[in-house]
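Peer 1: Sequence first, then the predicted structure:
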Amino acid sequence: RASAEETGDRGLKREAEMTRAEMTRAEERSLHAPARVDRDRSVLLIVDLQQQLVPTIAGHAEVIARSDALLAVARRFRVPSLLTEHCADRIGPVIAPLRERFEPREIFAKTHFAATDHPEFERRLREHDRGQVVVAGIEAHVCVLQTSLGLLARGFDVFVAGDAVGSRATRQADRQYALE
């Protein structure tokens, strides 16, 4: 049996013998390792849970309940939260029980699928000086996806709460593709 010292020496020797390609692969794995949500570095974003759209969403009661639970946890741990509202004049405001839990400055009216296509949204988000965004809302394959991709492109770490996003019953395959 090898002593701990001998084993340690062999480990150091193996590390020294790693090729540059092996090191690069190891570095890439560490860069893509799953991150953890940190309450001191994150913001909660709830996307477009609006009156005329919510009833068309498969499992909408669960999506609402889980989004509400995320908001409750965010409030408890003082995680900043934002709410988007897409073309409210056409599809109605965010559902009342949820909208009432946000201050007016926390609600962002948008006209693009991606909230990040609005410079004012990005400015508001960056005011919190946090690099992680937890995303919930609807529709997974449209506004949630487009906003998440925009956030990633702007350097944010994005965590989509899969059980707190939804799409119409006829678009469940699209929802699944968006989550992948």
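Peer 2: Good, I have the coordinates.
Peer 1: The closest residue to Gly150 other than its chain neighbours and Ile138: what is the separation?
Peer 2: Once flanking residues are discounted, Gly150 sits nearest to Thr116: 2.9 Å by CB to CB, 6 or more residues apart in numbering. Placement of C-beta: from N, CA and C, glycine included. In this structure, Thr116 lies at 17 Å from Ile138, with CB to CB, to the nearest Å as the measure.
Peer 1: show me the biggest strand of the chain in terms of residues.
Peer 2: Among the elements of the chain assigned as strand by DSSP state E, the one spanning the most residues is strand 157-166.
Peer 1: Please, where are all the strands along the chain?
Peer 2: 42-47, 81-86, 107-110, 132-138, 157-166.
Peer 1: Tell me the helices and strands packed up against the last one.
Peer 2: Applying 3 or more CB pairs under 8 Å, 6 or more residues apart in numbering; DSSP states H and E, we find strand 157-166 packed against helix 60-76, strand 132-138, helix 145-153, helix 172-179.
Peer 1: Need those in TSV (columns: mean neighbour count).
Peer 2: Listed next are these as TSV, based on neighbours: other CB atoms under 10 Å:
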stretch	mean neighbour count
helix 60-76	16
strand 132-138	25
helix 145-153	19
helix 172-179	16
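Peer 1: Please produce JSON lines containing the ones you listed, extended by mean pLDDT and distance to Arg36.
Peer 2: Below are the helices and strands packed on strand 157-166 laid out as JSON lines (pLDDT from 0 to 100; distance: least, CB to CB, whole Å):
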{"stretch": "helix 60-76", "mean pLDDT": "97", "distance to Arg36": "15"}
{"stretch": "strand 132-138", "mean pLDDT": "96", "distance to Arg36": "9"}
{"stretch": "helix 145-153", "mean pLDDT": "96", "distance to Arg36": "17"}
{"stretch": "helix 172-179", "mean pLDDT": "79", "distance to Arg36": "19"}
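Peer 1: Redo those as a markdown table? Include distance to Gln50.
Peer 2: A markdown table is the format used below for those (distance: least, CB to CB, whole Å):
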| stretch | distance to Gln50 |
| --- | --- |
| helix 60-76 | 11 |
| strand 132-138 | 8 |
| helix 145-153 | 15 |
| helix 172-179 | 17 |
